[in-house]
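Enquirer: Everything below, folded, please.
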Amino acid sequence: MRCSKWIKLKDGRECLLRNAEEEDGQAVLDNFLLTHEQTDFLSSYADEITLTLEQERAFLKAKADSSNELELIALVEGTVVGLAGVISIGNRYKVRHRASFGISIDREFWGLGIGSEMLKMCIEYAGRAGYEQLELEAVAENETALAMYRKAGFKEYGRNPRGMKSRISGYQELVYFRMEL
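Expert: I've put the predicted structure just below:
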């Protein structure tokens with residue numbers, strides 16, 4: 001499914017949210033690496049990312065061609081500043097009703113409304129794709145993200161006090177959320 005939407009940011013700038021395409025590979029990879037350097041709330045560090053440009057382009061092509069998965073990009077003044085996606089948990093009958101959500105935004109653009117709008121688009125997409133449940137996990141210290149997920153209607157269903165191990169702060173508690181679509 002194709003997704004595209006212009007939004008006005010809290011600072012007055014315009015932002016385009018749309019499907020990522022194969023041709024966006026370098027910009028998406030650059031943003032992915034940048035965001036993984038900027039925060040300790042994501043599941044990997046930039047130095048652990050081994051994707052090649054060809055692999056990134058193949059990933060984006062697969063998502064663009066998919067009928068049940070999505071990779072969105074946020075563009076401000078032509079620059080990729082955020083990524084969000086819906087990924088199937090699996091194709092087997094027992095789990096094909098479930099999808100997971102992930103997001104990362106350039107720290108310079110936090111608090112401008114991009115995350116909330118990308119989340120809304122992904123929730124809508126997941127419902128149209130036939131999923132019955134959307135899931136995510138977030139670091140408990142990331143209070144802004146937790147508030148955004150709760151405001152969107154996600155319900156907490158558990159925690160893992162040692163869900164990730166940070167190079168900076170030691171163990172990080174993960175909060176598990178789900179939303180029935």
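
Enquirer: Hmm, I114 is touching L83, no?
Expert: No: I114 is beyond contact range of L83, at 10.4 Å (criterion: Cβ atoms under 8 Å). Just so you know, the C-beta spots here come from the backbone N, C-alpha and C atoms, and that holds for glycine as well.

Enquirer: any shared contact partners between those two?
Expert: Common neighbours of I114 and L83, counting by Cβ atoms under 8 Å, 6 or more residues apart in numbering, are A74, I105.

Enquirer: How about the contacts made by the most centrally placed residue in the chain?
Expert: For the chain, the residue nearest the mean C-alpha position is I103 (2.0 Å; Cα atoms, centre = their mean). Taking Cβ under 8 Å, 6+ apart, we find I103 in contact with G82, L83, A84, G85, G115, M118, L119, C122.

Enquirer: repeat for E37
Expert: Y45, A46.

Enquirer: ok so, going back, quick one, phi/psi of the residue nearest to the centre of the chain?
Expert: With angles defined as degrees, to the nearest 10, I103 sits at phi -150, psi 150.

Enquirer: Just grab the bridge partners of it for me.
Expert: A84 (DSSP bridges).

Enquirer: I'd like the distance between it and Y93.
Expert: Here I103 is placed at a distance of 28 Å from Y93 (Cβ to Cβ, to the nearest Å).

Enquirer: Settle this for me: V175 is touching K155, isn't it.
Expert: No: if you go by Cβ under 8 Å, V175 and K155 don't touch, sitting 10.8 Å apart.

Enquirer: okay, those two: which has more neighbours?
Expert: V175 (22 against 11; other Cβ atoms under 10 Å).

Enquirer: Would you quantify the distance from the residue nearest to Y125 when sequence neighbours are not counted to T144?
Expert: Nearest non-adjacent residue to Y125, counting by Cβ to Cβ, 6 or more residues apart in numbering: L70, 5.0 Å away. Distance, L70 to T144, using Cβ to Cβ: 23 Å.

Enquirer: Many thanks, I have nothing further to ask.
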